[in-house]
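>>> okay, predicted coordinates and the sequence, questions at the end:
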Amino acid sequence: MILSMRSKKNYPLWRDQHNETVENNDAIIIPQKGKHAPQLGPVAVIAGTETDLALLCNLLDLDKSKYQKLFTSRLYVADQPGAAFCLTGPLIGAPYAAMVLETLIAWGAREIIFLGWCGSISQKVKIGDIIVPTSAIIDEGTSGHYKKDDNRISFPSELMVTKLKAALDRNRVTYHHGSVWSTDAIYRETRDKVENYQRLDVVGVEMEISALFTVAKFRKVDMGAIVVVSDELASFKWRPGFKTDIFKHGRKAACAVVRDLCRKI
């Protein structure tokens, strides 16, 4: 994998030098900006899904045909006067999400917003609802490579949480906030695990957020997330809502909030 990355001129250079901007980092391979990489503004949006990526392209006036490959994702860089943001996606899973985030940071991003979907494990949170995660329980394998302690919780930037909540309030969008559970195994969301996380007042389950928060903290950038509830597991029976109107309404509202943030950050 490393060899193939080195052959791609638009990917970050990977070199075995100490990056002095990261303390206590003894990694052999450090993401660096290559000479052919795009110059990104400080704001980056990561869309977890293809459908939200397309919707955000429309809302942000980005030409869907003008993008460059970022691993298996697409990267759109705003070229409007005064714009300082980029949009990338789709992605799935903690390891790949970390690869994308590392690259965006190496290319200049400093305030990153993740927009994704999640399952609800709280009876109070329903399909179409919006959640601003204020912490994420680590049940994925990537975060441990960035954290030396045994604390299985990662946190977003307080700055980005404040900005997300303010944007939701400006757009008069109701939302929940609380902890989410990030897992690598979507088919191993067992009754025992759901019950355990319900006792801890966890509201949703997804696959990427804990790793994104961990990597962002390690690289000293600001990261926040907003997720839309696509399905429910709280009753221990799966209730999918991907095709419902209320879920589509929630997605549109979340994307509008992200557009608002891109214009104000």
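On my side now, so go ahead.
>>> center of the protein - which residue?
Nearest to the geometric centre of the chain sits Phe114, at 3.0 Å (CA atoms, centre = their mean).
>>> ok, for that one, nearest residue in space, not its chain neighbours?
Ala225 (4.2 Å; CB to CB, 6 or more residues apart in numbering). Placement of C-beta: from N, CA and C, glycine included.
>>> checking the one you found next. Helix, strand or coil?
The assignment at Ala225 comes out as strand when based on DSSP: H, G, I helix; E, B strand; the rest coil.
>>> that one: what's it in contact with?
Applying CB atoms under 8 Å, 6 or more residues apart in numbering to Ala225 gives the contacts 113-116, 132-133, 156, 164, 209, 212-213.
>>> same question for Lys126.
Here Lys126 is in contact with 120, 229, 232 (CB under 8 Å, 6+ apart).
>>> Ser154 now?
By CB under 8 Å, 6+ apart, the neighbours of Ser154 are 135-136, 138, 143, 147, 210-211, 213-214, 217.
>>> and those, which are buried?
Among those, those buried by neighbour count (16 or more other CB atoms under 10 Å) are 135-136, 138, 143, 147, 210-211, 213-214, 217.
>>> make JSON lines from these and add pLDDT and distance to Ala54 to it.
Below are these laid out as JSON lines (pLDDT from 0 to 100; distance: CB to CB, whole Å):
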{"residue": "Ser135", "pLDDT": "98", "distance to Ala54": "30"}
{"residue": "Ala136", "pLDDT": "98", "distance to Ala54": "26"}
{"residue": "Ile138", "pLDDT": "97", "distance to Ala54": "30"}
{"residue": "Ser143", "pLDDT": "96", "distance to Ala54": "29"}
{"residue": "Lys147", "pLDDT": "89", "distance to Ala54": "34"}
{"residue": "Ser210", "pLDDT": "98", "distance to Ala54": "26"}
{"residue": "Ala211", "pLDDT": "98", "distance to Ala54": "24"}
{"residue": "Phe213", "pLDDT": "98", "distance to Ala54": "26"}
{"residue": "Thr214", "pLDDT": "97", "distance to Ala54": "28"}
{"residue": "Lys217", "pLDDT": "96", "distance to Ala54": "30"}
